[in-house]
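K.L.:
Give me a 3D structure for the following:
(2 chains)
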Number of protein chains: 2
Amino acid sequence: MLESAYNSPLLEGAVAELSKLPGIGRKTALRLALHLLRQPEDAATSLGEAVIAMRKGVKYCRRCHNISDSELCEICGNPARDGETVCVVETVKDVITVEATHEHRGLYHVLGGLISPLDGIGPSDLEIDSLVERVKQEGITEVILALSPTMEGDTTGYYIFRRLQPTGAKVTMLARGVSIGSDLEYTDELTLGRSILNRIPFTDSPE
Amino acid sequence: MLESAYNSPLLEGAVAELSKLPGIGRKTALRLALHLLRQPEDAATSLGEAVIAMRKGVKYCRRCHNISDSELCEICGNPARDGETVCVVETVKDVITVEATHEHRGLYHVLGGLISPLDGIGPSDLEIDSLVERVKQEGITEVILALSPTMEGDTTGYYIFRRLQPTGAKVTMLARGVSIGSDLEYTDELTLGRSILNRIPFTDSPE
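P.N.:
The predicted structure is shown next:
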């Protein structure tokens, strides 16, 4: 055929780029591109420039490895945060998730992954040495392991626990039990069984 | 709070722009942005530039009002297409949809919408005058109305039919009937009833 499928190589190009994004196929990409064509030119320019500026400008905090626009991230640079408590998470996204709870007022440490021998990821591929170093240097008294309750999360947690034992810092992990608001009927047996073993005193004013 | 929700105004900016796209909420936008951060810098740059270039560069064909990278679109500029048959569609997307069938080898005419008094869209808001002009000037012998089988589509089709009657051009519309591959059980009664009234001779070699 002489002509391209969309009659415009420029549209083709935008659709091709948009459809590289995860979860966006060619049909959705075409819908997004045609939407942008109907908007004022500013809309497409702002989107394009924001994406480029983000990728060029975002750095990783040299202390906690969270994303940051500067050398030290906003959380590490905030004197109001509790510098003695560090929450260890797998990814940058987990920082956002934990922050959204407003229950952690300490600092973070982003591992960049979990130990997974099947995927060839060992402790040296993660920010574990730097965590141990921070605990020693910064007078951190508690390390909260906020890792996924999976095989990889447990393995990584146990490895970090062993590495931190000599430092004397307290190592804690997320409580495990039934999800608030969920139906007991749909809670898996393992979680329910553990929740019975680790039952807690009844209180009429939930924290 | 001192810090922004994502700890990075640059990430915030990209998420804000991405979530303006239709069907993309803040959670999806964040997922897309974090995906781009994990990719090589080229990926974000290509995406951003493709979107900007598309919006800046895409024009509308002065003849058929389809999108085009030049004054005349690739279809109008292709001498192999049948210049005597014009397929009238609502939007640019419909051109892509009809092209994908490979059954139309003529030209197109994009109306830019359908007559819809409730939305305040009248004939003068659409490219109908220019269609009538084309039929008169270009020796078009058949106008195929490929409009949605809705109230608005039918109204627009009837209006165009009346406007084209003086030109002597043949005006046709898409066949209506049961969808190929669909179950009779799920065909609506109106369509099924019309399909019985407008039944066609049985053939053992479907075209």
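
K.L.:
who's in contact with residue A:146?
P.N.:
Applying C-beta atoms under 8 Å, 6 or more residues apart in numbering or on different chains, we find residue A:146 in contact with A:87-89, A:94, A:98, A:173-174. (Each C-beta comes from the backbone N, C-alpha and C, glycine too.)

K.L.:
Tell me the predicted confidence for it.
P.N.:
What the model reports as pLDDT for residue A:146 is 93.

K.L.:
Not counting sequence-adjacent ones, nearest residue to residue A:84?
P.N.:
Nearest-residue entry for residue A:84: residue A:141, 4.6 Å, with adjacent residues in sequence omitted and distances by C-beta to C-beta, 6 or more residues apart in numbering or on different chains.

K.L.:
count of residues packed around that neighbour?
P.N.:
Each residue near residue A:141 was counted by other C-beta atoms under 10 Å in any protein chain shown, and the total is 16.

K.L.:
hang on, the earlier thing: for PyMOL, write the select line for the buried members of the contacts of residue A:146.
P.N.:
Applying 16 or more other C-beta atoms under 10 Å in any protein chain shown to these leaves a buried subset, and the PyMOL line that selects it is:
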select buried, chain A and resi 87+88+89+94+98+173
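
K.L.:
and which of the contacts of residue A:146 is nearest residue A:41?
P.N.:
When the contacts of residue A:146 are compared for distance to residue A:41, the smallest value, 37.5 Å, is given by residue A:94; criterion: C-beta to C-beta.

K.L.:
mind listing what that closest one touches?
P.N.:
By C-beta under 8 Å, 6+ apart, the residues touching residue A:94 are A:110, A:146.

K.L.:
Quick check: next helix or strand after the strand or helix carrying it?
P.N.:
Secondary-structure element containing residue A:94, defined by DSSP states H and E: helix A:92-101. Along the chain past helix A:92-101, the next helix or strand (assigned with DSSP H and E) turns out to be strand A:106-110.

K.L.:
mind listing what's buried in that next one?
P.N.:
Residues A:106-110 are the ones in strand A:106-110 that count as buried (16+ other C-beta under 10 Å).

K.L.:
next one: stretch A:156-175
P.N.:
Of the residues in stretch A:156-175, A:156-157, A:159-160, A:163-164, A:167, A:169, A:171, A:173 count as buried by neighbour count, 16+ other C-beta under 10 Å.

K.L.:
can you redo those residues as a markdown table with secondary structure?
P.N.:
Supplementary listing: these in a markdown table, determined by DSSP: H, G, I helix; E, B strand; the rest coil:
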| residue | secondary structure |
| --- | --- |
| A:156 | helix |
| A:157 | helix |
| A:159 | helix |
| A:160 | helix |
| A:163 | helix |
| A:164 | helix |
| A:167 | helix |
| A:169 | coil |
| A:171 | strand |
| A:173 | strand |
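
K.L.:
coming back round to it: can you verify my assumption that the residue nearest to residue A:84 contacts residue A:169?
P.N.:
Yes - the pair formed by residue A:141 and residue A:169 meets the contact definition of C-beta atoms under 8 Å, at 5.9 Å.

K.L.:
want to throw the buried residues of stretch A:156-175 into a markdown table with distance to residue A:77?
P.N.:
Conversion of those to a markdown table gives the following (distance: C-beta to C-beta, whole Å):
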| residue | distance to residue A:77 |
| --- | --- |
| A:156 | 27 |
| A:157 | 28 |
| A:159 | 29 |
| A:160 | 25 |
| A:163 | 27 |
| A:164 | 25 |
| A:167 | 24 |
| A:169 | 22 |
| A:171 | 25 |
| A:173 | 27 |
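
K.L.:
of those, the lowest pLDDT goes to which?
P.N.:
Within the buried residues of stretch A:156-175, the minimum per-residue pLDDT falls on residue A:173 (90).

K.L.:
For that residue, which residues are in contact?
P.N.:
Taking C-beta under 8 Å, 6+ apart as the definition of contact, the neighbours of residue A:173 are A:144-147, A:157.

K.L.:
rerun at 10 Å
P.N.:
A:88, A:143-147, A:149, A:153-154, A:157, A:161 (C-beta atoms under 10 Å, 6 or more residues apart in numbering or on different chains).

K.L.:
Buried residues of the helix or strand harbouring residue A:12, list them for me.
P.N.:
With elements delineated by DSSP H and E, residue A:12 resides in helix A:9-18, which encompasses its position. Within helix A:9-18, the residues that count as buried by 16+ other C-beta under 10 Å are A:9-18.

K.L.:
Restricting to those residues, which residues neighbour chain B?
P.N.:
Intersecting the buried residues of helix A:9-18 with the surroundings of chain B, defined as C-beta under 10 Å from any C-beta of the partner chain, gives A:9-18.

K.L.:
thinking again about what came up before, and the helix holding residue A:12, what's its mean pLDDT?
P.N.:
In this model, helix A:9-18 carries a mean pLDDT of 94.

K.L.:
Quick check: pLDDT value at residue A:137.
P.N.:
Note for residue A:137: predicted pLDDT of 94.

K.L.:
Before we go further, it is sitting in a helix, right?
P.N.:
Yes - secondary structure of residue A:137, determined by three-state DSSP: located in a helix.

K.L.:
give me the number of residues near it?
P.N.:
Applying the criterion other C-beta under 10 Å, we find 8 residues in the vicinity of residue A:137.

K.L.:
Distance of it relative to residue A:150?
P.N.:
When distances are taken as C-beta to C-beta, to the nearest Å, residue A:137 and residue A:150 turn out to be 30 Å apart.

K.L.:
Residue A:72 and chain B, how far apart?
P.N.:
Applying C-beta to the nearest C-beta, to the nearest Å, one obtains 11 Å for the distance of residue A:72 from chain B.

K.L.:
With residue A:36 instead?
P.N.:
The spacing between residue A:36 and chain B, counted by C-beta to the nearest C-beta, is 6 Å.
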